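A.B. asks: pasting the sequence and the predicted coordinates here, then a few questions.
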There are 2 protein chains.
Amino acid sequence: MPSSKNKKSALQETKSDPGLNLSQSSAEKIKALRRKSKDIQKLIQGILSGNKTDLSQAITLIESQSKRHAEDIKTIISTCLPYSNKSLRVGITGVPGVGKSTFIEQLGLLLVSKGHKVAVLAVDPSSSVTRGSILGDKTRMEKLVQHPMAYIRPTASGESLGGVARKTRESILLCEAAGFDILLIETVGVGQSETAVHSMTDFFLLLKLAGAGDELQGIKRGIIEMADAIVINKADGDNIKAAKKAKVEFNRALHMYPSKSNGWTPKVKLASALNNEGIENIWNMLSDYFTTAKTNGFFEEKRAGQNKFWLTQSIEDSLKKDFYQNENIKTEFPKILEKIHNQEMSPFEAAEYLLDKAKS
Amino acid sequence: MPSSKNKKSALQETKSDPGLNLSQSSAEKIKALRRKSKDIQKLIQGILSGNKTDLSQAITLIESQSKRHAEDIKTIISTCLPYSNKSLRVGITGVPGVGKSTFIEQLGLLLVSKGHKVAVLAVDPSSSVTRGSILGDKTRMEKLVQHPMAYIRPTASGESLGGVARKTRESILLCEAAGFDILLIETVGVGQSETAVHSMTDFFLLLKLAGAGDELQGIKRGIIEMADAIVINKADGDNIKAAKKAKVEFNRALHMYPSKSNGWTPKVKLASALNNEGIENIWNMLSDYFTTAKTNGFFEEKRAGQNKFWLTQSIEDSLKKDFYQNENIKTEFPKILEKIHNQEMSPFEAAEYLLDKAKS
């Protein structure tokens, strides 16, 4: 109802305009702008009332990256910002084939059954070739996607990690403003995407399979250090023995790292997403974590740290981009690398030279 | 002999100057400049002929950080640069008490006995309070320090890592220009100093002790991933059993990581620096590594990568420094952090705001 009222008053105002002596086209432009502004206000109202269609439309705007929408996006984000920050954000990673979709669907279904509103987002800075490998196919979570308390958003891909990360962070804010209280942020783990997801979530969960032989081979550098928990999926049927063995091995691996600053000891859990086994156990662990982290203040502290991280990261990305896209630098950089290679310049002298060039 | 000839000709030139009608003080200044320039040329000649006193004097200039010497340092570095790059650079780290000094002395003595010229440098960006914890006390390597083929340089400390790293890199160049063909770069591992040393050496060696219980606890994040070899020191007497057990455990730990891009599998070795046991074995390993890496091109490739790393690192450090030391930013930054905390601004919007402020 507020929206129809808004539309009406917009028309009224426009009707009273001719006295201002504007040209036809200026009047049209202003009219269009006002209409647009009303549309954005309507969209924001929709988001704040939990309307999934409006939420999707706003996320599409964020993903469009078009300059034409920059102001609208700014308005949407800044209006929604005060309503954000209230959810639990869980990062989930694992190689293709580990059963991420099934796991996320089962966890999501459990959470909605407990009365939570669950949003699933993804970070996938991979090329358009591998597009569809992550959440692209909504049918992979066909029960969850139909649930009124769940929202699943396939991701934009084929772009820079920085860009995708920002869009995901902003999508998180909007989902929170729309009342989703648990966010599951999935990543396929291309490039540095785990680090990005780790830096925007409260809890980071690594999905693994029990295989034959050495469980720890082939794990990307740094992933185990980031994990707050490792879930060994497909721990069913003939796999159970191997899964239990893997659990021991992962526990030993986790034990290798210095304890986390919040005092949390990373856990290893078994699950069979397919058979819906172990999921409740994992939610209990998450729940315990959040209770503790909120009580001891670490939850807030980590989020503040993440905000600062994204602030400085954005600043520094922009400074670097300005520098390396400077025309002088584009021309000089390969020449200078050659000079360093030929031992005609030290890297430090070369840096000073290029910094000078960028200013001239 | 060339130096005395130089001095003479400098005097002669100065004597022929009065015809130029310069004021007394200008003439004095030019005279001083020429003398200074001759001194620097003499110093460079000294370095290139392997004179340790001249080398030390040049490193002291590098460490002085005084603007007055900036031009001299530039001249020294750029003249020595073509003569550098020929040594093997070995990074060595380990916590205090692990026996780094004894180990380095024994390795150094072995190397000089094989006809190598060995220089020992250190990276220690710790405060002046802990000064002396690393190489400060030359007597810790009293045999090596007296050897004509060895050069030991205590480090400057109490500064930024970037500054210390640059000085160490430049000291490395000078040592190489002075004919030292094996450099041992020590670090106590304060802050990110291992990463810095790892990024300026060809081989990175972690010294450990066998202890009671879990060997892997308390190891700094990322160190094991950086290590090309782990040496378990003090593997003597009653310690031998524990050392062997630790070797198994470290081998398992190293096995956890993806293999290095050069195909090198990190090794675990036992040593007793005190009893001079295992040192030759470790040198054989280093020697094998260098032969392989030079044959398959990885040695050159790694150095080129390191040059690029230090180039971009210096550029980006400087860009950040300029930004954060901007007066507007110093004033605005804490206010903006507060706004982010109060959910009045997103980190991304805040970044754009601050980037604008820095330009105005």
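C.D. replies: Cool, the structure landed. Residues are numbered from 1 along each chain as shown, chains lettered A, B, ... in the order given.

A.B. asks: strands of the stretch 151-300 of chain A, start to end?
C.D. replies: Secondary structure of the stretch 151-300 of chain A (DSSP state E, counting those that start in this stretch): strands located at A:182-187, A:203-209, A:229-233, A:267-270.

A.B. asks: got these as JSON lines, with distance to residue B:292, mean pLDDT and mean neighbour count columns?
C.D. replies: Bear in mind the C-beta positions are built from the backbone N, C-alpha and C, glycine included. As requested, these are exported to JSON lines (distance: least, Cβ to Cβ, whole Å; pLDDT from 0 to 100; neighbours: other Cβ atoms under 10 Å in any protein chain shown):
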{"stretch": "strand A:182-187", "distance to residue B:292": "36", "mean pLDDT": "94", "mean neighbour count": "26"}
{"stretch": "strand A:203-209", "distance to residue B:292": "33", "mean pLDDT": "93", "mean neighbour count": "23"}
{"stretch": "strand A:229-233", "distance to residue B:292": "35", "mean pLDDT": "94", "mean neighbour count": "25"}
{"stretch": "strand A:267-270", "distance to residue B:292": "37", "mean pLDDT": "95", "mean neighbour count": "20"}
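
A.B. asks: list the contacts for residue A:44?
C.D. replies: Residue A:44 makes contacts with A:58, A:75, A:76, A:79, A:80, as judged by Cβ atoms under 8 Å, 6 or more residues apart in numbering or on different chains.

A.B. asks: how many neighbours does the residue nearest to residue A:61 when sequence neighbours are not counted have?
C.D. replies: Excluding its sequence neighbours, the residue lying closest to residue A:61 (Cβ to Cβ, 6 or more residues apart in numbering or on different chains) is residue A:69, at 5.1 Å. Each residue near residue A:69 was counted by other Cβ atoms under 10 Å in any protein chain shown, and the total is 16.

A.B. asks: quick revisit: now the strands of the stretch 151-300 of chain A in JSON lines, with distance to residue B:232?
C.D. replies: As requested, the strands of the stretch 151-300 of chain A are exported to JSON lines (distance: least, Cβ to Cβ, whole Å):
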{"stretch": "strand A:182-187", "distance to residue B:232": "38"}
{"stretch": "strand A:203-209", "distance to residue B:232": "30"}
{"stretch": "strand A:229-233", "distance to residue B:232": "29"}
{"stretch": "strand A:267-270", "distance to residue B:232": "28"}
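
A.B. asks: just give me the longest helix of chain A.
C.D. replies: Using DSSP state H to define each element, chain A has its longest helix at helix A:298-324.

A.B. asks: is that helix anywhere near chain B?
C.D. replies: Yes - Helix A:298-324 is in contact with chain B by Cβ under 8 Å from any Cβ of the partner chain, via A:304, A:307, A:308, A:310, A:311, A:314, A:315, A:316, A:318, A:319, A:320, A:323.

A.B. asks: show me how to select, in ChimeraX, the buried members of these.
C.D. replies: Here is the ChimeraX command that selects the buried residues among those (16 or more other Cβ atoms under 10 Å in any protein chain shown):
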select /A:307,310,311,314,315,316,318,319,323
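
A.B. asks: tabulate the residues of helix A:298-324 next to chain B (JSON lines), appending distance to residue B:37.
C.D. replies: As requested, the residues of helix A:298-324 next to chain B are exported to JSON lines (distance: Cβ to Cβ, whole Å):
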{"residue": "A:304", "distance to residue B:37": "55"}
{"residue": "A:307", "distance to residue B:37": "53"}
{"residue": "A:308", "distance to residue B:37": "49"}
{"residue": "A:310", "distance to residue B:37": "51"}
{"residue": "A:311", "distance to residue B:37": "48"}
{"residue": "A:314", "distance to residue B:37": "47"}
{"residue": "A:315", "distance to residue B:37": "43"}
{"residue": "A:316", "distance to residue B:37": "40"}
{"residue": "A:318", "distance to residue B:37": "43"}
{"residue": "A:319", "distance to residue B:37": "38"}
{"residue": "A:320", "distance to residue B:37": "38"}
{"residue": "A:323", "distance to residue B:37": "35"}
